[in-house]
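Novice: Return atomic coordinates for the entry below.
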Amino acid sequence: MEFDPATLKYDANGLIPAIAQDATSGEVLMMAWMNGEAVARTLATGRVTYWSRSRQAFWIKGETSGHVQNLVDFRVDCDRDCLLVTVNQVGPACHTNRRSCFYTAVRQGDETEIMAPMDSSE
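Specialist: Got it, this is the predicted structure:
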């Protein structure tokens, strides 16, 4: 059965959340939004493409930073309203220069930074 991005359940703004996960380690790297065209572009090119809500434009991960996400696997959840993209991540995934956007933990009621920015040579 051929996949059709129109079969996904998008929100009122035509967007669907996409979770990026490292294909090797399983680490959750980030969450961003896709629309139907971003889904199609990702599948066609193998370069993960998101929809930037702030810029109202397509965002090919790593296009300006060099921290690209090459698609390994594209998964749809059971309700068809969330995506999981497993990727080979080059460099940090977060704009704060951290490997993952999920670098703050809440432990015993306190926020704790659990991941420092990556060294620029990484």
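Novice: count of neighbours near Thr112?
Specialist: Thr112 has 10 neighbouring residues, counting by other CB atoms under 10 Å. C-betas here are computed from N, CA, C, even on glycine.
Novice: and His67, what does it touch?
Specialist: Under the criterion of CB atoms under 8 Å, 6 or more residues apart in numbering, the contact list for His67 reads Lys61, Gln89, Val90, Gly91, Pro92, Ala93.
Novice: which SSE is the closest residue to it other than its chain neighbours in?
Specialist: Counting by CB to CB, 6 or more residues apart in numbering, Gly91 is the residue found nearest to His67 once chain neighbours are left out, at 3.8 Å. Taking DSSP states H and E as the criterion, no element holds Gly91; it sits outside all helices and strands.
Novice: And Gly91, what's its pLDDT?
Specialist: With respect to pLDDT, Gly91 scores 93.
Novice: circling back: most neighbours out of the contacts of His67, which is it?
Specialist: Ala93 (27 neighbours).
Novice: And the strands in this structure?
Specialist: Taking DSSP state E as the criterion, the chain contains strands spanning 16-22, 28-34, 49-52, 57-60, 69-76, 83-89, 104-107, 110-113.
Novice: Can you tell me which of these is nearest to Thr7?
Specialist: Smallest distance to Thr7 across these (CB to CB): 8.6 Å, for strand 69-76.
Novice: And that closest one, how far out from the chain middle?
Specialist: Taking CA atoms, centre = their mean, to the nearest Å, the mean C-alpha location of strand 69-76 is offset from the chain mean by 9 Å.
Novice: next one: stretch 68-85
Specialist: When C-alpha coordinates are averaged (CA atoms, centre = their mean), stretch 68-85 and its chain have centres 9 Å apart.
Novice: How about stretch 6-16?
Specialist: Here stretch 6-16 shows a centroid-to-chain-centroid distance of 16 Å under the convention CA atoms, centre = their mean.
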